[in-house]
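Asker: this is the structure alone, sequence omitted:
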């Protein structure tokens, strides 16, 4: 429970820094910063991903499980991408994809990238059939993630 709080604090700090960057950008009439929701029950992975994405010029929100992620989505309608772990204690990344589809009447509104260190080919196929835009095995190769982000956000200037 403590690591959830600490992870939220760390991610909130990163989000505040990104928000500060957004304020400075808006004064210069630059486009707003894209917001990414990170979901993982491993605090170290959340921190590492958040640091990388903030350096690349994205704003990040973090959640330690699917329930927290759904609450973040309810509070922040401007989330433009979700990066979620597949295996989490409360609900899987697959179940999260299904919930998102149910909420949107079967339409996939926010792209979702799923990560896992323990997925097999059947898992990956099922994820794509349920709306995932990509799958990244853990440990995540950051060059692949950056390449994927460039495809998803072609007008974004990577930090």
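Answerer: Right, received. Where do you want to start? All values reported here derive from a predicted model rather than from experimental measurement.

Asker: quick one, strands of the chain?
Answerer: In the chain, the segments counted as strands under DSSP state E are 35-39, 59-63, 79-85, 112-116, 134-137.

Asker: TSV for these, including mean neighbour count and mean pLDDT?
Answerer: All C-beta atoms are positioned from the backbone trio N, CA, C, and that covers glycine. Below are the strands of the chain laid out as TSV (neighbours: other Cβ atoms under 10 Å; pLDDT from 0 to 100):
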stretch	mean neighbour count	mean pLDDT
strand 35-39	24	98
strand 59-63	25	98
strand 79-85	23	98
strand 112-116	23	98
strand 134-137	16	97
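
Asker: can I get those strands in CSV with distance to residue 53?
Answerer: What follows is the strands of the chain, written out as CSV (distance: least, Cβ to Cβ, whole Å):
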stretch, distance to residue 53
strand 35-39, 6
strand 59-63, 5
strand 79-85, 8
strand 112-116, 12
strand 134-137, 13
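
Asker: nearest to residue 159, out of those?
Answerer: strand 59-63 (11.8 Å; Cβ to Cβ).

Asker: partners of the closest one in the sheet?
Answerer: According to DSSP bridges, strand 59-63 forms sheet pairs with strand 35-39 (parallel).

Asker: how many residues are close by residue 70?
Answerer: Neighbour count for residue 70, taken as other Cβ atoms under 10 Å: 17.

Asker: how much space between it and residue 110?
Answerer: 12 Å (Cβ to Cβ, to the nearest Å).
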